[in-house]
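S.K.: Kindly generate the corresponding structure for this input.
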Amino acid sequence: MNRVPFSVLSERQRLADLLRYCSKNLLLGNGVQVHGAVLKMGFGLDLMLSNDLIGMYSKCGQMNNARVVFNKMPDRNVVSWTSLMCGFLQNGNAKASLSLFSQMGSSSVKPNEFTFSTNIKASGVLSCIETGTQIQGMCVKTGFERNPVVGNSVVDMYSKCGRIDEAERMFSTMHVINLITWNAMISGYTQAGYSEKGLLLFRKMQEHGEIPDEFTFTSTLKACSTLGSSWGGTQIHGFLITSGFPCSVKSTVAGALVDFYVKCGCLLEARRVFDQIEQKNVICWSALILGYAQDENLAEAMDLFNKLRESGVQVDGFVLSSMMGVFADFALVEQGKQIQAYAIKIPSGLDISVSNSIVDMYLKCGLINEAEKLFSEMPARNVVSWTVMITGYGKHGLGKEAVGFFNKMQLDNIEPDEVTHLAVLTACSHSGLITESQEYFSRLCQDPRMRPRVEHYSCMVDSLGRAGRLQEAKNLIENMPVKPNIGIWQTLLSACRVHGDLEMGREVGEILLRMDGDNPVNYVMMSNIHADAGYWDECERLRRMVKTKGLKKVAGRSWVEVDKEVHFFYGGDDTHPLTDKIHEVLKEVERRMKEELGYVYGMKFALCDVEEESKEESLRVHSEKLAIGLALVCGGLEEQERKVIRVFKNLRVCGDCHEFIKGLSKILKVVFVVRDATRFHKFENGLCSCGDYW
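M.R.: Next up is the predicted model:
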């Protein structure tokens, strides 16, 4: 037998060591050079070096190269198959891992505990419970189920699939419980919404003498965030400090701490932790940026986002989509366009989720044409893309366009989900398309894959209510298979008010007050329906009840963008530097509306315990009127013709403001687009796109 020279063996081992070093340190360029040396020295078909090459390319995110190496191997062992599967899973392609596992079943190579573990995890990532349990069954037959590596993956898989009972069962039967096992179960509880159980298990783990690591702390901090437990989170933070845990270096824990403090409303503490982190990752940045944005400190959020761009940290699709979501909610179109311009320049900007959020931003800012253009240019669309467009059309009262898109998406082989059905039903109800509402609702109920929720029934109640079929709407609520919620009864109460059905309105109002007696909205709705019918004593009694109970309505707030600057107004706001001019212009247009249109204030929307003249004043300072007043001041009354003024409000527009803006659009020949809490109102030539039903 010929012996292989020692020098060749040592050279082979040196190449293996180099590849493993490149893999560990993600040195792709050096790894490619070593690959060249492997081929030049005649080791291209060597099993061990090929396996190391698969590992190196996988760790460096080059799965195509890893697959090429795998395909060229004349012989493969379990390490070859498992390394490529691990690579696919770690690089976010769980489907490819499971596909390779299936191919391996046709080969002569038998899986080991790591092969099973990888593909059980892949099943969890895909929430594919059937595949996961099949692989678990194979582990039982081959004796691998008792292996801790496999057991940990089974716990993780069941947790990710929402089967927390099965995860608990597996956890309780495991003979060897290590730190990974504890972490998998704690994380499983947290992800499944059982944060209290997760924290209890954390304490139990410490009682067993197990030392927590960064993954443990990340899960427990997330549990505290979910529970809003500032005490629990600060206790963990204190423990980290006293135990000398290197938070400033461990970016995952630091990111979880920032996220925890943000979610508990402690932005100063979140910023303090953030500033101490040596290597800030995208999670830390995004948590704090979104924290500032949600706290409405948009200037700080944008400043921090610009610093993130300059930092060299790769901005991911989640951050871009989240920022777009904030700008969409506040209708900050200029800031949204800035993010869009930046997104075009980076790889994650091509993510379909980012494109969807940009389309959504344009729709929520009232720019339908821009949204349509971007949607048509998207290289790929998913169900969310179509749903965003259908929802946008519905909010703008374009029901027929929404229905057209709903039909078109199915011709494009995209199956609508429950959210899409909700979007098209909402669009139909907003546009008074009662026949279409009934047709799509019937289809939804007959589809065995779908389960209509209370929100779907609420759309039907809204459609029937708009058509004046109040008894049918009430019967639907009383006979539907899901439990009615507060919202669906409020929908019916609104319909009773529009159609002046005081008797049914009282009946529905009593149900609402029994269900939710501490919600001021219910009392206001009830008082308004009595005011409409002229029952002022009952109206006053209900409003007094709100005061007696100490209930507070969400403050009405409107905003308008003028010369790329956003101006916010609350009801009665007198803090704006142009307040006097705003009141002057509002009084002037009111005078013209009274003379030309016979406009009178809708006094029922004013405060009930003040004089008539004061009532007029209180109505004039509604937040949407102040925002419009500013737009008129800045644009000049005589130069407004054929302009479009866009105003946004956090609550529903009130009846008096609705009539006021209708009249204003007629006398000024201006189009007003107002987005309130439920929809867009396009006021043009004295009419509104909502048909006076909202």
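S.K.: average pLDDT for the host helix or strand of Cys634?
M.R.: Remark: Cys634 resides in helix 623-635, with elements defined by DSSP states H and E. Within the predicted structure, the mean pLDDT of helix 623-635 is 92.
S.K.: Of all the residues in it, which ones are buried?
M.R.: Residues 623-634 are the ones in helix 623-635 that count as buried (16 or more other Cβ atoms under 10 Å). The C-beta positions use only the backbone N, C-alpha and C, and glycine is treated the same way.
S.K.: do the same with stretch 256-267
M.R.: If you call a residue buried by 16+ other Cβ under 10 Å, then stretch 256-267 has these buried ones: 256-264, 266-267.
S.K.: what do you get for stretch 211-221?
M.R.: By neighbour count on 16+ other Cβ under 10 Å, the buried set for stretch 211-221 is 212, 214-221.
S.K.: before we move on, what about stretch 440-447?
M.R.: Along stretch 440-447, these residues count as buried under the neighbour rule (16+ other Cβ under 10 Å): 440-441, 444.
S.K.: which among the buried residues of stretch 211-221 gets closest to Ile358?
M.R.: Taking Cβ to Cβ as the measure, Thr218 is the one of those closest to Ile358, at 30.6 Å.
S.K.: Name the nearest residue to that closest one, ignoring sequence neighbours.
M.R.: Once flanking residues are discounted, Thr218 sits nearest to Ala256: 4.4 Å by Cβ to Cβ, 6 or more residues apart in numbering.
S.K.: now swap in Asp259 and tell me
M.R.: In this structure, Asp259 finds its nearest non-sequential neighbour in Ala287, 4.1 Å apart by Cβ to Cβ, 6+ apart.
S.K.: Please convert the buried residues of stretch 211-221 to a markdown table, extending it with secondary structure and distance to Gly397.
M.R.: Converted to a markdown table, these look like this (DSSP: H, G, I helix; E, B strand; the rest coil; distance: Cβ to Cβ, whole Å):
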| residue | secondary structure | distance to Gly397 |
| --- | --- | --- |
| Pro212 | coil | 54 |
| Glu214 | helix | 51 |
| Phe215 | helix | 49 |
| Thr216 | helix | 51 |
| Phe217 | helix | 50 |
| Thr218 | helix | 45 |
| Ser219 | helix | 45 |
| Thr220 | helix | 47 |
| Leu221 | helix | 44 |
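S.K.: Give me the contact list for stretch 131-144.
M.R.: For stretch 131-144, the surrounding residues in contact (Cβ atoms under 8 Å, 6 or more residues apart in numbering) are 98, 101, 111-113, 116, 119-120, 123-124, 145, 147, 150, 154, 157-158, 161.
S.K.: how about Val560, phi and psi?
M.R.: Backbone geometry at Val560, expressed as degrees, to the nearest 10, gives phi -140, psi 150.
S.K.: State the distance from it to Phe568.
M.R.: Counting by Cβ to Cβ, to the nearest Å, the gap from Val560 to Phe568 is 9 Å.
S.K.: the more surrounded of the two?
M.R.: Comparing Val560 with Phe568 by other Cβ atoms under 10 Å, the one with more neighbours is Val560, at 22 against 18.
S.K.: Apart from its neighbours in sequence, what residue is nearest the more buried one?
M.R.: Once its chain neighbours are removed from consideration, Val560 has its nearest residue in Ala627; the separation is 4.1 Å (Cβ to Cβ, 6+ apart).
S.K.: and that neighbour, what is it in contact with?
M.R.: Contacts were defined as Cβ under 8 Å, 6+ apart; by that measure Ala627 touches 558-560, 567, 569, 647.
S.K.: same thing with Tyr189?
M.R.: Tyr189 sits next to 159, 164, 195, 197-198, 201, 223 when contact means Cβ under 8 Å, 6+ apart.
S.K.: domain assignment for this structure?
M.R.: Listed domain ranges for the chain are 10-208, 324-373, 557-688 (source: the TED database).
S.K.: So which of the buried residues of stretch 256-267 sit within helices?
M.R.: Among these, the members found in helices (DSSP state H) are 256-263, 267.
S.K.: Is it possible to get a markdown table of those that adds pLDDT and distance to Met85?
M.R.: Output for these, formatted as a markdown table (pLDDT from 0 to 100; distance: Cβ to Cβ, whole Å):
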| residue | pLDDT | distance to Met85 |
| --- | --- | --- |
| Ala256 | 89 | 29 |
| Leu257 | 91 | 34 |
| Val258 | 92 | 34 |
| Asp259 | 90 | 31 |
| Phe260 | 92 | 34 |
| Tyr261 | 92 | 38 |
| Val262 | 91 | 37 |
| Lys263 | 89 | 36 |
| Leu267 | 92 | 43 |
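S.K.: List just the nearest of those residues to Lys581.
M.R.: Of all these, Leu267 has the smallest distance to Lys581: 35.1 Å, by Cβ to Cβ.
S.K.: doesn't Ala293 make contact with the closest one?
M.R.: No. Distance between Leu267 and Ala293: 11.0 Å, which falls outside the contact criterion (Cβ atoms under 8 Å).
S.K.: quick one on the thing from earlier: I'd like the contacts of Ala627 laid out as CSV, including distance to Asp537.
M.R.: Supplementary listing: the contacts of Ala627 in CSV, determined by distance: Cβ to Cβ, whole Å:
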residue, distance to Asp537
Ser558, 32
Trp559, 37
Val560, 39
His567, 40
Phe569, 33
Val647, 35
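S.K.: buried subset of the residues you listed?
M.R.: Neighbour-count burial (16+ other Cβ under 10 Å) is assigned, among these, to 558-560, 567, 569, 647.
S.K.: any idea how far the closest residue to Ile129 other than its chain neighbours is from Val154?
M.R.: Counting by Cβ to Cβ, 6+ apart, Cys161 is the residue found nearest to Ile129 once chain neighbours are left out, at 4.5 Å. Distance check for Cys161 against Val154: by Cβ to Cβ, it reads 11 Å.
S.K.: Which one's more surrounded, the two?
M.R.: Here Cys161 and Val154 are set side by side on neighbour count (other Cβ under 10 Å), and the busier one is Val154, at 28 against 22.
S.K.: what about the more buried one, distance to Ser187?
M.R.: For Val154, the distance to Ser187 - Cβ to Cβ - is 14 Å.
S.K.: residue ranges with poor pLDDT in the chain?
M.R.: Screening the chain residue by residue with the criterion pLDDT under 70, one finds the ranges 1-9, 248-249, 601-620, 636-642.
S.K.: how about 80 then?
M.R.: Across the chain, the stretches falling below the confidence threshold (pLDDT under 80) are 1-9, 247-251, 296, 553, 564, 599-620, 635-643, 693-694.
S.K.: where's Ser357, which helix or strand?
M.R.: With the criterion set as DSSP H and E, the secondary-structure element containing Ser357 is helix 352-364.
S.K.: contacts for that helix?
M.R.: Identification of contacts with helix 352-364 by Cβ under 8 Å, 6+ apart yields 317-318, 320-321, 324-325, 327-329, 331, 333, 336, 340, 343, 348, 368, 370-371, 374-375, 378, 380-382, 384-385, 388-389, 391-392, 395-396, 675.
S.K.: Next step: those restricted to strands.
M.R.: Within those, membership in strands is found for Arg675, as judged by DSSP state E.
S.K.: Filter the contacts of helix 352-364 down to the buried ones.
M.R.: Burial by neighbour count, 16+ other Cβ under 10 Å: within the contacts of helix 352-364 this picks out 317-318, 320-321, 324-325, 327-328, 331, 333, 336, 340, 343, 348, 368, 370-371, 374-375, 381, 384-385, 388-389, 391-392, 395-396, 675.
S.K.: Out of these, list just those in helices.
M.R.: 317-318, 320-321, 324-325, 327-328, 333, 336, 340, 343, 368, 370-371, 374-375, 384-385, 388-389, 391-392, 395.
S.K.: Could you give the number of residues near Thr133?
M.R.: 17.
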